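Enquirer: Just need the structure, nothing else, for what follows:
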Amino acid sequence: MDLTHPTPVAESSLPELSLSRPVHRLDPHSLDLHYDAAVMRKAGAVVPVQLPGGVPVWAVTRDATARAVLRNTDIFRKAPRHWDALQRGQVPADWPLIGLAAPAGRSMVTTDGVDHWRLRGPLATVFTETRVRALRTSIDIITTKLLANLADAATVADDGIVDFRQLVAWPLPMTVISLLLGLPESEHDALRSNYELFFDDTRDPTAALAAIEGIITRHLDAKRRHPGDDLTSALLQLPDDEQLTTEELVATVQVLIAAGHETTVHLLVNGVLALTSHRDQLDLLLQGEVAWDRAVEEILRWQPPTMNFLMRFATRDSVLGDTLIRAGEPVMICYGAMGRDPDRYGPTADDFEITRAAGHTSFGHGPHACIGAPLARLEGRIALKALFSRWPDLAPAAPAPRAPSVLMNAHTSLPLRLRPSHQHHEAGAAT
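Expert: Below is the predicted model:
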């Protein structure tokens, strides 16, 4: 692969791949996202696929190739102005994925180079390993409270079944990111409903985006009047030469809320599903033979919260792998395919093994690597350890329905029975 020269290989020597001839069509109602990922990966390292709504995109399916793209922000840039189809009006304004493929506001997600670092810099000092570790006590307290709520709900429920996603996996990261941003709890319900709509690949996100922007605008106005010891206030009080515009502030806070809760929700839900379906691996954790941080890393590799990430755009004709990418064409990073890439993980790539030490790229790579990764990891370790330490025999009470998305590895609920069914009336007892 050569990402430094626009066309180092003659077109005639390249496979005849074109965005007009997709090798796979992604469906938000797919029952198995990993089957989709395997189909794309088998077709090649860089292949044309079709997103819901008929929008074509190049899918990067191999870990090494994707990391090369993620590092090269000169050729593959984030700004939607480089997307020819969008500029020509070929992507509908109400396309359900538009808010993720081409966000309207300027933030660290939609910029590269100097602009990216200007927007990312003020946040980098907050999400350091040291500062995140300082949140441990708060996360412990919040987790303990939510698990108590889970136990109470199981006691009250006639069948002893509780929804882990609703009662723990969603409120934990939303409460933590709200604590960091100084966002009032009274906004949580509205944020929940609007972000669920925003991440639904089958619905027009326009109304949800407007509602979220309204919540953030009100929050910024409140912090201007009454600043506090929180990240929002710090962003508003940057030195004059570092000040963000109102548009940048709204977009930045929106990114922080979305990234600060959405992926961690899926990490927790997918973690419970992975561990309850691999009891031998769970036993290693409960017996102290393997550290919980190793389990979190393997969950992130095997079931990454983000299956496919939109979007980067080629700024000039370039050969990626064996594929010619034309200037203005969109590129999607396929974290689900990368996480089980046999080129990196060998013949056991499809297996869930918490003793694996090969790492993963599920938090991204290069300048745009997820700034909140240390926080997500900490929340995952604390919550999963506390949950299974209290209820080592918990099990799903029914299949977890998948959310309608080709981008997020998400479920709409996770019904759990905290104890064996004949003991469910004791679910609220201390252990």
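Enquirer: Let me know the average pLDDT across stretch 125-137.
Expert: Confidence for stretch 125-137, expressed as mean pLDDT, is 83.
Enquirer: Which strand or helix spans Ala295?
Expert: If you go by DSSP states H and E, Ala295 is part of helix 292-302.
Enquirer: so where do the strands sit in the chain?
Expert: Listed in chain order, the strands found in the chain under DSSP state E are 24-25, 46-51, 55-60, 76-77, 161-163, 309-314, 318-320, 323-325, 330-333, 395-396, 415-417.
Enquirer: List the buried residues in the least confident helix or strand in the chain by mean pLDDT.
Expert: Every helix and strand of the chain was ranked by mean pLDDT, DSSP states H and E. The lowest is helix 129-133, at a mean of 80. If you call a residue buried by 16 or more other CB atoms under 10 Å, then helix 129-133 has these buried ones: Val132. Every C-beta, even on glycine, is put in place using the N, C-alpha and C of the backbone.
Enquirer: Output the strands of the chain as CSV; include the columns distance to Ile139, mean neighbour count and mean pLDDT.
Expert: Formatted as CSV, the entries for the strands of the chain read as follows, by distance: least, CB to CB, whole Å; neighbours: other CB atoms under 10 Å; pLDDT from 0 to 100:
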stretch, distance to Ile139, mean neighbour count, mean pLDDT
strand 24-25, 39, 16, 97
strand 46-51, 35, 24, 97
strand 55-60, 34, 25, 98
strand 76-77, 35, 23, 96
strand 161-163, 21, 21, 98
strand 309-314, 26, 24, 96
strand 318-320, 40, 23, 93
strand 323-325, 42, 23, 94
strand 330-333, 29, 24, 98
strand 395-396, 24, 16, 98
strand 415-417, 21, 22, 98
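Enquirer: Let me have the ones you listed in a markdown table, extended by distance to Thr361.
Expert: Conversion of these to a markdown table gives the following (distance: least, CB to CB, whole Å):
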| stretch | distance to Thr361 |
| --- | --- |
| strand 24-25 | 21 |
| strand 46-51 | 16 |
| strand 55-60 | 11 |
| strand 76-77 | 15 |
| strand 161-163 | 31 |
| strand 309-314 | 11 |
| strand 318-320 | 16 |
| strand 323-325 | 20 |
| strand 330-333 | 9 |
| strand 395-396 | 28 |
| strand 415-417 | 30 |
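Enquirer: Can you tell me which of those strands is nearest to His365?
Expert: His365 lies closest to strand 330-333 among the strands of the chain, at 9.0 Å (CB to CB).
Enquirer: what's the spacing between stretch 276-291 and its chain's center?
Expert: For stretch 276-291, the gap between its own C-alpha mean and the chain's C-alpha mean amounts to 25 Å (CA atoms, centre = their mean, to the nearest Å).
Enquirer: wait, which of the strands of the chain is closest to Phe199?
Expert: Closest approach to Phe199 among the strands of the chain (CB to CB): strand 309-314, 12.0 Å.
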